[in-house]
Structures are given as structure tokens and as C-alpha cells.
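**Q** here is a sequence together with a model predicted from it:
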Amino acid sequence: MTAIGAVPAVKRRRRGFRLPIPVALACLVMAVVTACAIFGSALALKDPYEQRLDVAVSSPSAEFPAGTDTLGRDILSRVIYGASNALIGPLVIAAGAFAMATVLGLLAGYLGGWVDTIIMRWVDFMFGLPSTLITIVVVGVVGGGYWTAVFVLLVLFVAPDTRIVRSAVLEQRPRTYIDAARTLGISRTRIIFIHILPNILPIVLAYVAIDFAFALVNLAGLSFLGLGVEPGTPDWGRMLSENRNLIASNPPGILLPAAMIILTAVSMNLIGDWVFERFTK
Amino acid sequence: MSLIYSSGNLLRVEDMSLFHDAPTGRRTLTVATSLQLERGGSLAIVGESGSGKSLTAKAIAGLLPPGVRLSGSIRLEGEELTGLAERDWQRIRGRRISMLLQDPFTMMNPVMRCGAHIEEMLRDQPEFRSRSARRAEVARRLAEVGINDASVADRLPFQLSGGMCQRVALAAALARDPEILIADEPSTALDVTTQAEIMRLLNRAQAERGMALILITHDLRLAFSACERVCVFYAGQMIEVGAAPALAAAPFHPYTTGLLLSEPPASRRVSTLVAIPGRVPPADAVENECPFSDRCRWVVDAKCRTTRPPLVERTPARFTACVRQPEIQGELDALRTAALEAANEPEPVTPENGALVHVAGLCKSFGGKRPMHALKGVSLSVGRGECLGLVGESGSGKTTLGRCLVGLETPTSGQIVIEGIPSADFEALARNERARVRQTIQMIFQDPYATLNPKHSVGRALEESLRMSQRTGRTQDHVRTLLSEVGLTEAYAGRYPSELSGGERQRVAIARSLAVDPAVLVCDEPVSALDVSVQAQVLNLFKSLMASRELSLLFITHDLAVVRQIADRICVIYLGEIVEEGPCQQVLNDPQHPYTRRLISAIPAPAH
């Protein structure tokens, strides 16, 4: 019996932590949006609610870098303030939905049997619902503003996410290391959360990012329709609908919030893809 | 470097090196390969995993994966093949150079009927324009590979056995009458008995057609029996080339010698197998030195580690890359002689102290309406300190039996008694009884790459299974003891499975099972996925563990040479039934059942 520790180990190839350029740009966008969300009051030069009818609908100038809207509010400041709505809601939806979906998916995928049946039939039921319609109806009828919309979207997002997690679990389940853990007598709870979960985490993280993007677009869509946020709130979706008629007189008034929605959503998608690729290889 | 054996070579590979271009830099995969193949000749390229043998074959067929670059030259009758456009390759592949791959199921398109695979190759030849002509030709081609049942042409690949599929794949590869056939491990994925048939077929086709054959294999014995010339690869370098009989009689390179010695002899049992210590280095780490120097006992730094030793012709048509060959040849030969003369280890006498594991009338069926009977009433017992070999081919039910024993499958009927506890139905056991059974019987799985959780470090895996046992004392000390027991240093505790070689992973898996201090290990093909040199290390480890821990083994394998080295008693299992049982040597030397005889006759002729 020869000890083989003497042979130098082959080092795991640590690929340099170099970010591809699109991902680096996406991170930059997200950093700016996050900074605006946290330090909005310090970054914005003006009060986003202050109405100055004397300068209503003015084009970009030194005082108003992106011009003003019909009520004379500073567009740039409103966009900066809007970042917090654009970040927090989608974050709560994506993280909350996936936390629930991860637990449900792990249980359904690993335990199988009647647990799987109950969870997956519920998922099928949720898939059967026209989700956009439900959101509009619930938020419109119940009212309650931004957080009602966030809550309804969160619930609607759980079902598809559960399906994703479950299929990732089903892929891990037949692997020998699970059999080995079972043979050792390791409890089911440990197998599910200590053995399987770390192996499916890259997929979960990637989908959290993609969910974030979807949630952002959904929330913006609702506020565009006048649901969710209160009128007058600095919110990107809301600004889109309020400033629709500025398209000719002060284009930045509508283009800036629109660009921010698109940039943020695309950036999160890029980051999610990159996280998935990096941690699954 | 000149490697000219005869003029008018069909294929000449000269100074070919392969690189992988990654964003992090260029990595060497193989260095300076030079090969010659004459019309009708046969060449075996032998090497362990990571030696670059398969890549070399792919380079010759123009099938390099993306990112791999080639330097040097490959000439087919004077025509340079490197840098050829894909359109030109289509003119060469299939017609002039054809390839047969390892796994027939992945090589064939699962939705195409078997006959269509062959027809595909005939379609563009004018004499096979008509459908009936093609069908007749398909039948003729199938008959050539020993398939006389015409209905096979209309079946889908999954409806056939592995051996049948490989025959169809061979017929398809031969359909355009290529001048060179490259066979990449053509028999490795098959059962022992079918392996021999495929190799016979391959050699016959080669002889009848005057076709040249390149056989890629990890099995020296197979290479010697099937090819005229053998070329040994190690860590991306050619280290020895020679005629098969001469190489078999007296290898010139310490690695080849080691490889030959570490193959368990099929005809006798030796007390300790000769293992090559250590593991195969990656090709780019040993680019400028003798690749074997880290594992070689004759290494002299000044000679072996300064430059890459070139292949040198020592005796006519015998090439070796070992710079010290003339000095050490005597010692190499002596080693071989010593191994050949090593006494046949006497049959160990198993003490009769009752059965630890007792199985009676075990049946297991899968599926509902049309059940598949994996086990049809199997009875066996494993005594304390005994190694019972369970020998069978794929589909025999041997793995199902092992999984039933450790509670991963619940048998349909029959009894399993483990240390007095009836444990056929694991779920029905009381909690403490189940824990006791778990601590009595543990399992080692076949695939070392899947047996460890990729996200857990070695130390974490061991700590977790230590928690399942009732040990006292510091976990850290136990981890260290366990690692040293399987021949690993403490430093391994911090590593992740992806940093370990197959052999090391299997050692960790063994340590993990030993953590609960079991009395019986069910080993399901524990060495079949490992390279030969590492296989011997792990087999020796099992032997020493049996002695030091009074461990019982149920050793499940298809490999008779392996089972002879380790088992005291063997059971031969065929289609879910045990057909022969008895002391190991007795069964292997004097088989009674026709199936056992067939298994034994399928072993390739010994290389020693």
C-alpha cells in the first residue's frame, strides 16, 4: 500500500475572475440603479414632487438636465427616485417566490409520491390561471397600491419557479452520491437541504435574476395602467403613462424612464446568465 | 524523428502536437506524435485515461473538438490532411478513414432504424440507386458482421443488445469499404462474452478486406492479441513503440512494464498486485521532462527531468522514450520474471463463524404490467471476514442484489437477514434497528465521479458520515485516521471531488463507508471505472482492509481476473439466478456450468 499524498495535486483550474464586457456593463448599470435607490434623496438635485408650472414642459437645460413634465417636475430627479420602486419590488418578488419555490420544488422532487402530486397539481392549477388578468383584477378591485401588486405577483411567480426547481432536483436525484448518503443513513432533511440544495443553487440564482427582470417589467406595466402605485409617485412605469404626450415636446421625459426599465431588465438577465454559467462549470 | 518501417506508407503522422486554446492560455494535450501505418497493417494505441489516445484518433479522422488546435502533419498516401476543409473531409471520412466508437448506443441515431444507418452510407453510390438494391446490400453487410436475421435492419437501436448494436455500427463503418478503420475502445462498453466476438469480427474484417486498423484501447492484453504493432501513450507523449510480440515479451519502458504487471493475472491469485504509485499527470505539466518521472523508481533527475526524452530506436523497430533503458533493462526483465514466478497464493481458509448476511429466495421485479424480473430467487450468504465474489454480466441482476442489501431497493419477495435482523423491507424497520443495519452494511459504488457530492469537500463528507457512527473523540483525528487508512494524506480533507482523480475519489468513498465502522462492504464494480495501474492500488487497499478490519466483502464484478485476486468464494449470476457457486479457485479452474465456461473462455489471451 503506497501513500499517494506525495504526488502534487493537480490544482483546480481557477479561471480568472475576469468579467466579460457585457456582464461588466450590466453590473455597472445595476450598481448605478442600486446607488440611486439607496441614496436617491442625496443624488437627486431637486424634489421630485415639487411642481413648478412656470417651467412646465421645458426641454433639457442646465437646471433640468432631462427637462420637466407637464406639471414642471424635474424628470431626472423623478427617475432617480423611481429606482427604489424599480429595485425593491422586483427583488422581493424574485427572492420571495424563489425561496418558496425552492422548498416546494425540493420536497416535490425528492420525496415524490403524494407530496409531489399535491404540489404539482397546485402548480398546474396556477399555470391554468391567466396571470396578467388576475393581477389587474386583484390589484384593481382590492386596491392597496404597490405592495398589493408585489404580493400578487409573488404568489403568481411561485408556480413556474417550483417547476424549474423540481426538474433540477429530479436531475440530481438519481446520482450516486444521493444513494451513498441514503446508504449511510443520513436523514432526508439533510439530503434535501445539505446535499441537493447546493447543487441546484446555480440554477436557482440564475432564475432569481431572470424573475427579477420579469417582475420589473410586470410592475412597470401595472403602474403604466395606473394600478399599483399612487398617482404622482416617481415610478418609471407611471412616468411612461403620465409623460406619453411629451414625446414630441420633451422626448427625454419618456425616453429616460423607458430606457431605465429596459437597461435594468436586460442587465439582470445578463448577470443571471453569467452566474449560471460560472457556477455550473 | 524518423520512424520509418516500410516505404509506401498509407498513413503518416509526423510530429503532431495538439493544443487546447482557452481564454486562460494554451494547454498542451499531446506532444510530438509520429505514427506510420501501412496498407493492411494494424496498430494499437494504448494508454490510460488522459493519455491523449482518443484525441489522437480524432485528429486522424478530422474530428477534433472545437478549441483544439493541431500542429504537425498527417498524410494519407501523400495527401496532407491537416487544414482540410470540411467538404474535403467528407470525401475522406467513411470512404478512406472510418471510425467505430466506444458506445454503440450513443454512436447510433436513436430514431433511425438500424438498416438506415448502413443505407445512409450507400446512397451516393450509383449501383445502389434503387431501394431494393440497397436493401439487399444492407442484408449482405449485416450478414458480414454475423447478423443473419434480416429483421434487424428494421429495428431501432434501443431494441437491440449492446453487442448487436456494435455489430450494426461496424457494418455501417465498413459500408464504404474504407482503407483505414479507427476503432476507439470498440469493446469496452460491452459484456465480456460479446467483447471477444466483436474483436474477432474486427480482426476478420481487417484480414478479409486488407484494411488497415487503428485500435485505441486501455487494455494491453487486448492490444497484443489484436494488433501487429503497439504504441504506448502516457500523459500525451508516445513512450514506447514496437511489434506486439516483442513488446509483450520484454517491454522497454518502466511504465509499460508497470502497466503489464499491474493487470491482475486471470490464471492465478497473487498476494499483492504490483501497483504503480501515484497518478497520471496532465500533459502540460510534464511537457519538458519524462512524463513518467514522478512515478518511476529509476528516475535520475539529471537525465530524466531536463528535457523531454525523444523516442529512440534501441533494437530494430523497437522504440522507447526511456533514456535509461539500456541500464535498467535487466531490472525490468527481472521484475517481470519475479511477477510471473510469484507463487499462487494458497486459497485462504475462511473461518466458519456463521453468516453475517443471509439472503434467501430473493426476488425483485421492476415495472407494472409487464414486469422485468431482475432477481429470480437468489440465495447466498456472506460469512464474517469472507469475501464473496458475485460475478455476472450486465443485466444479470448483480447490482440490483447489492442495492437490495443496503436498502436502496425493496425486494418483491424473499428474505434478507443482516446480523440477525430481517431487513428485506428497510422502511418497516424500527429506527434503532435500521441504524444498526446501516452500521453493519455499507456500499461502494461503481462510478467514482458521481459517488461524492461535488459541492462537499472530502473532510466534510467524512465528518458527515462520522456523525452517523457512535464514535467519541475529536472528529478531526478520526478524519485523519480514515484518510491514512485508505492511503491519503491529511491534506486531502480540504479538497473537493473535482480536484481528485478517479482512484482518489474511490479511496475517499471507501473512507466514507469505513467511517461508520461497517462489518460488510457491498462493492459494486468498485474498480471497473479505474485505470489499470490505479485498479491494482485499490484492489490492494481492499485486501489490506479485509485483513486489518476483519471486513467482509460482497464483491460485485464482471471481471474474472479481478475476482480471482480478491474473492474467497464466488457466485456466478446469470439472468437473475445463481448458476454456480463454490470456492473461487475451484470454480475458475474447473467451471461446471456452461455459462461460467463461456465467461472464462472469453478472457483475452494472457499477456504475461
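**A** Received, thanks.

**Q** quick check: residues of the stretch 101-250 of chain A near chain B?
**A** The stretch 101-250 of chain A comes close to chain B at residues A:175-177, A:179-186, A:190, A:194-195, A:198-199, as judged by CB under 8 Å from any CB of the partner chain. For every residue, glycine as well, the C-beta is placed using N, CA and C.

**Q** hmm, 10 Å instead?
**A** A:172, A:174-187, A:190-191, A:194-201 (CB under 10 Å from any CB of the partner chain).

**Q** now, of the residues you listed, which are buried?
**A** Neighbour counting by 16 or more other CB atoms under 10 Å in any protein chain shown classes A:172, A:175-186, A:191, A:194-197, A:199-201 among these as buried.

**Q** which of the residues you listed fall within strands?
**A** Among these, no member is found in strands (DSSP state E).

**Q** just the ones in helices from the residues you listed, please.
**A** With helices taken from DSSP state H, the overlap with these comprises A:172, A:176-184, A:197, A:199-201.

**Q** reformat those into TSV and put pLDDT next to each item.
**A** Shown next, in TSV, are those (pLDDT from 0 to 100):
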residue	pLDDT
A:Q172	92
A:T176	90
A:Y177	92
A:I178	93
A:D179	91
A:A180	91
A:A181	91
A:R182	89
A:T183	89
A:L184	88
A:L197	93
A:N199	92
A:I200	92
A:L201	90
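
**Q** just give me the neighbour total for the residue of the stretch 1-150 of chain B found nearest chain A.
**A** Per CB to the nearest CB, B:T24 is where the stretch 1-150 of chain B lies closest to chain A, at 5.9 Å. Counted with other CB atoms under 10 Å in any protein chain shown, the neighbours of B:T24 add up to 11.

**Q** the one 3 residues further on now?
**A** For B:R27, the number of neighbouring residues by other CB under 10 Å comes to 18.

**Q** same check, this time on B:P583
**A** Here the number of neighbours of B:P583 (other CB under 10 Å) works out to 16.

**Q** wait, a helix at B:L70?
**A** No: assessed with DSSP: H, G, I helix; E, B strand; the rest coil, B:L70 is strand; it does not lie in a helix.

**Q** ok, it to B:E80 distance?
**A** Using CB to CB, to the nearest Å, we find B:L70 at a distance of 12 Å from B:E80.

**Q** neighbour count: the two, which is higher?
**A** Set side by side, B:L70 and B:E80 show more neighbours around B:L70, with 19 against 10, by other CB under 10 Å.

**Q** that one reaches B:A59, doesn't it?
**A** Yes: assessed by CB atoms under 10 Å, B:L70 is found in contact with B:A59 at 5.7 Å.

**Q** okay, and the common contacts of those two?
**A** Counting by CB atoms under 10 Å, 6 or more residues apart in numbering or on different chains, the common neighbours of B:L70 and B:A59 are B:M16, B:S17, B:L18, B:L29, B:T30, B:L81, B:T82.

**Q** just say helix, strand or coil for the second one.
**A** Pointing back at B:S17 there. strand.

**Q** who does it bridge with?
**A** For B:S17, the beta-bridge assignment (DSSP bridges) gives partners B:S71.

**Q** my guess is it meets B:D284, correct?
**A** No: judged on CB under 10 Å, B:S17 makes no contact with B:D284 at a distance of 11.1 Å.

**Q** okay, these two: which has more neighbours?
**A** A direct count of neighbours by other CB under 10 Å for B:S17 and B:D284 places B:S17 higher, at 20 against 16.

**Q** contact partners for that one?
**A** Shown in contact with B:S17 (CB under 10 Å, 6+ apart): B:28-33, B:52, B:59, B:69-72, B:236-237, B:283, B:287.

**Q** top of the residues you listed by number of neighbours, please.
**A** Within the contacts of B:S17, most neighbours by other CB under 10 Å means B:G236, with 29 neighbours.

**Q** for the helix or strand containing A:T162, name the packing helices and strands.
**A** Secondary structure from DSSP states H and E places A:T162 in helix A:146-172. Where contact means 3 or more CB pairs under 10 Å, 6 or more residues apart in numbering or on different chains; DSSP states H and E, helix A:146-172 is packed against helix A:75-111, helix A:113-128, helix A:131-142, helix A:197-224.

**Q** which of these has the lowest average pLDDT?
**A** Lowest mean pLDDT of the helices and strands packed on helix A:146-172: helix A:131-142, a mean of 85.

**Q** now the angle from it to helix A:146-172?
**A** Angle, helix A:131-142 to helix A:146-172, by axes from the mean of the first three to the mean of the last three CA atoms, to 10 degrees: 150 degrees.

**Q** run a quick neighbour tally on the residue in the stretch 401-550 of chain B that chain A sits nearest to.
**A** Among all residues of the stretch 401-550 of chain B, B:T489 sits closest to chain A, at 2.8 Å; criterion: CB to the nearest CB. Residues within reach of B:T489, counting by other CB under 10 Å, total 15.

**Q** that one touches B:R480, doesn't it?
**A** Yes: contact criterion CB under 10 Å: B:T489 and B:R480 qualify, at 9.0 Å.

**Q** tell me who's in contact with the closest residue to B:A175 other than its chain neighbours.
**A** Residue nearest to B:A175 in three dimensions, not counting chain neighbours: B:M121, with 3.6 Å by CB to CB, 6 or more residues apart in numbering or on different chains. By CB under 10 Å, 6+ apart, the residues touching B:M121 are B:94-95, B:98, B:128, B:137-138, B:141, B:171-178.

**Q** ok, those vs A:A24, which is closest?
**A** Minimum distance to A:A24 across these is 46.2 Å, recorded for B:G94 (CB to CB).

**Q** so what's that closest one closest to, chain neighbours aside?
**A** Distances taken as CB to CB, 6+ apart place B:R176 nearest to B:G94, at 4.8 Å, with adjacent residues excluded.

**Q** next: A:L240.
**A** That would be A:F224: by CB to CB, 6+ apart, it lies 5.2 Å from A:L240.

**Q** number of nearby residues for that neighbour?
**A** Applying other CB under 10 Å, we find 19 residues neighbouring A:F224.

**Q** try B:A153
**A** The number of residues packed near B:A153 is 21, by other CB under 10 Å.

**Q** wait, it touches B:L160, no?
**A** No: applying CB under 10 Å as the test, B:A153 and B:L160 come out as separate, 11.0 Å apart.

**Q** shared neighbours of those two, anything?
**A** Taking CB under 10 Å, 6+ apart as the criterion, B:A153 and B:L160 both touch B:C114, B:I147, B:V168.

**Q** need those in CSV with neighbour count, distance to B:R12 and pLDDT, can you?
**A** Below are the shared contacts of B:A153 and B:L160 laid out as CSV (neighbours: other CB atoms under 10 Å in any protein chain shown; distance: CB to CB, whole Å; pLDDT from 0 to 100):
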residue, neighbour count, distance to B:R12, pLDDT
B:C114, 27, 36, 89
B:I147, 19, 35, 87
B:V168, 27, 32, 91
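
**Q** now those residues in JSON lines, with distance to chain A and secondary structure?
**A** What follows is the shared contacts of B:A153 and B:L160, written out as JSON lines (distance: CB to the nearest CB, whole Å; DSSP: H, G, I helix; E, B strand; the rest coil):
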{"residue": "B:C114", "distance to chain A": "29", "secondary structure": "helix"}
{"residue": "B:I147", "distance to chain A": "33", "secondary structure": "coil"}
{"residue": "B:V168", "distance to chain A": "28", "secondary structure": "helix"}
